[in-house]
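[1] Okay, here's the prediction I keep looking at, along with the sequence it came from:
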Amino acid sequence: MRVAIVINTSWNIWNFRRSLVKALQDAGHEVLAIAPPDDYSARLETELGCRFVPILMENKGTNPVKDAQLTGRFYRIYKREQPDVVLHYTIKPNIYGSIAAKLAGIPSVNNVSGLGTVFIVKNFVSKVALGLYRFAFRFPKRIFFQNDDDRQLFLQHGLVAPGITDLLPGSGIDTNKFRPATEFVRNTPFTFLMIARVLYEKGVEEYFEAARLVREAVPGTRIQLLGGIDESGGVGVKRAVFEQWMQAGNIEYLGTSDNVAEHIAQADCVVLPSYREGTPKTLLEAAAMGKPIVTTDVPGCRETVVDGQNGLLCEVRNAQDLAAKMQQVLGLSDAALAKMGRAGRELAEQKFDERIVLDKYLRVVASVQPTPALALKTA
């Protein structure tokens, strides 16, 4: 079969769907990667063996005219490439790609990997988005959610039929690739690491304030941030603001990296004070590598932590509580810290192994059959 993976960036396919691409190929399927072109597009072809199909997509925009044009672009690509099934990820492919796939008579499978600002910020745009979800989500054969809070929210709003929903443990984690060090080593000074784009909804402002509080209490503690600056769409921290925060000297900014595992390995604890997630892959990586976690008690994040066992949960949007939990981890003995790391590894192996995700996708791809194209009425 020809399987199309459709996401809002090539980077996303490279970083989060590589194992799925390989699993589909190993099962004998041809994989098309449909996404806006970026620095990772060529690697999808040369290193993963996908055929890359570019599409123009304004990820952050909410202009209904442009979004209607996006539906047309999806439709033309689907009719030209004739995939047997389309796997959609991220908001715009989930909505407009689903409509286009229905029009083209091609079955689709959606993945709600996080709700973004649609359910966090209540405004006119979010109301329009809910209506679009309700319309578009009538068409997919299956809709995967990465935590049950998100699934229940869609059901409560009447956005999806219960029978086509299913749960995944996030994107899963390759527990063979992400492994703990053979010997426990505690850094001196103790090192915290946050891995996320510099967005307010990731809790980055609270992280900066917590860093100040922790370093006041325990001078010299290293507090690091790994992730790109994203000023688009009004949800990212402006570079000028970010640079002003950096002047306080409490955070080491590491920029971006293709080798996240290397940075996790050098940290003592991984922190993510996000407002809401699907299931954050970086926390799964941290757990698999035996690193304690501090994260917020919100949908998506709380699934990665058994509070007090492999990490600690803190209150959302509360820098003081975040700092307190970070200090609590910092104050653990070596034995307690190592025990917390082992508990995280066990959780990753039992609950989040990527084979669970890959097996579900392989089964649903094998089960779908093309449906007749939607008849378009003409005047």
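    Alright, I've got the coordinates.
[2] contacts, neighbours, all on C-alpha from now
    OK.
[3] Buried residues in the host helix or strand of Ala129, which are they?
    When elements are assigned from DSSP states H and E, Ala129 belongs to helix 124-136. Using 16 or more other C-alpha atoms under 10 Å as the test for burial, helix 124-136 gives Ala129, Leu130, Leu132, Tyr133, Arg134, Ala136.
[4] Same check on stretch 31-45?
    So stretch 31-45, judged by 16+ other C-alpha under 10 Å, has buried residues Val31, Leu32, Ala33, Ile34, Ala35, Pro36, Pro37, Ser41, Ala42, Arg43, Leu44.
[5] Stretch 18-25 too?
    Quick answer for stretch 18-25 (16+ other C-alpha under 10 Å): Ser19, Leu20, Val21, Lys22, Ala23, Leu24, Gln25.
[6] gap between the residue lying closest to the third one once chain neighbours are set aside and Leu347?
    It stands for Val21. Nearest non-adjacent residue to Val21, counting by C-alpha to C-alpha, 6 or more residues apart in numbering: Val31, 6.7 Å away. Distance of Val31 to Leu347, given as C-alpha to C-alpha, to the nearest Å: 31 Å.
[7] Please apply the same query to Ile13.
    From Ile13 to Leu347 the distance is 25 Å (C-alpha to C-alpha).
[8] Repeat that for Val160.
    Per C-alpha to C-alpha, Val160 is found 30 Å from Leu347.
[9] got it, and Pro83?
    36 Å.
[10] Spit out the contact partners of the nearest residue to Arg18 once chain neighbours are set aside.
    Using C-alpha to C-alpha, 6+ apart and skipping the chain neighbours, the partner closest in space to Arg18 is Leu48 (7.6 Å). Contacts of Leu48 were listed using C-alpha atoms under 8 Å, 6 or more residues apart in numbering, and they are Arg18, Val21, Lys22.
[11] Could you identify the helix or strand that succeeds the strand or helix carrying the second one?
    Val21 is part of helix 18-26 when elements are defined by DSSP H and E. Towards the C-terminus, the helix or strand next in line after helix 18-26, according to DSSP H and E, is strand 30-35.
[12] Low-confidence regions, the stretch 151-300 of the chain specifically.
    Counting by pLDDT under 70, the stretch 151-300 of the chain contains low-confidence ranges at 233-234.
[13] number of nearby residues for Ser113?
    Neighbour count of Ser113, defined by other C-alpha atoms under 10 Å: 22.
[14] what helix or strand is the closest residue to it other than its chain neighbours on?
    With sequence-adjacent residues excluded and distances taken as C-alpha to C-alpha, 6+ apart, Ser113 is closest to Gly278, at 4.5 Å. According to DSSP H and E, Gly278 maps onto no helix or strand at all.
[15] Please tell me I have it right and Gly278 contacts Asn147.
    Yes: using C-alpha atoms under 8 Å, Gly278 is in contact with Asn147, at 6.2 Å.
[16] and for these two, which residues touch both?
    Joint contacts of Gly278 and Asn147 (C-alpha under 8 Å, 6+ apart) are Gly170, Pro299, Gly300.
[17] Is it correct that the second one is in contact with Arg151?
    No: in terms of C-alpha under 8 Å, Pro299 does not count as a neighbour of Arg151; the distance is 10.5 Å.
[18] Report the contact partners of the residue lying closest to Arg51 once chain neighbours are set aside.
    Excluding the flanking residues, the one nearest Arg51 by C-alpha to C-alpha, 6+ apart is Leu32, at 5.0 Å. Taking C-alpha under 8 Å, 6+ apart, we find Leu32 in contact with Arg2, Val3, Ala4, Ile5, Cys50, Arg51, Phe52, Val53.
[19] before we move on, what about Leu155?
    Ala161, Pro162.
[20] quick one: the strands in this protein?
    For the chain, the strands defined by DSSP state E cover 2-6, 30-35, 51-54, 85-89, 108-112, 142-145, 165-167, 191-195, 222-226, 252-253, 269-272, 293-296, 311-314.
[21] coming back round to it: now tabulate the shared contacts of Gly278 and Asn147 in a markdown table and tack on distance to Gln266.
    Shown next, in a markdown table, are the shared contacts of Gly278 and Asn147 (distance: C-alpha to C-alpha, whole Å):
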| residue | distance to Gln266 |
| --- | --- |
| Gly170 | 24 |
| Pro299 | 28 |
| Gly300 | 25 |
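[22] Nothing else from me, thank you.
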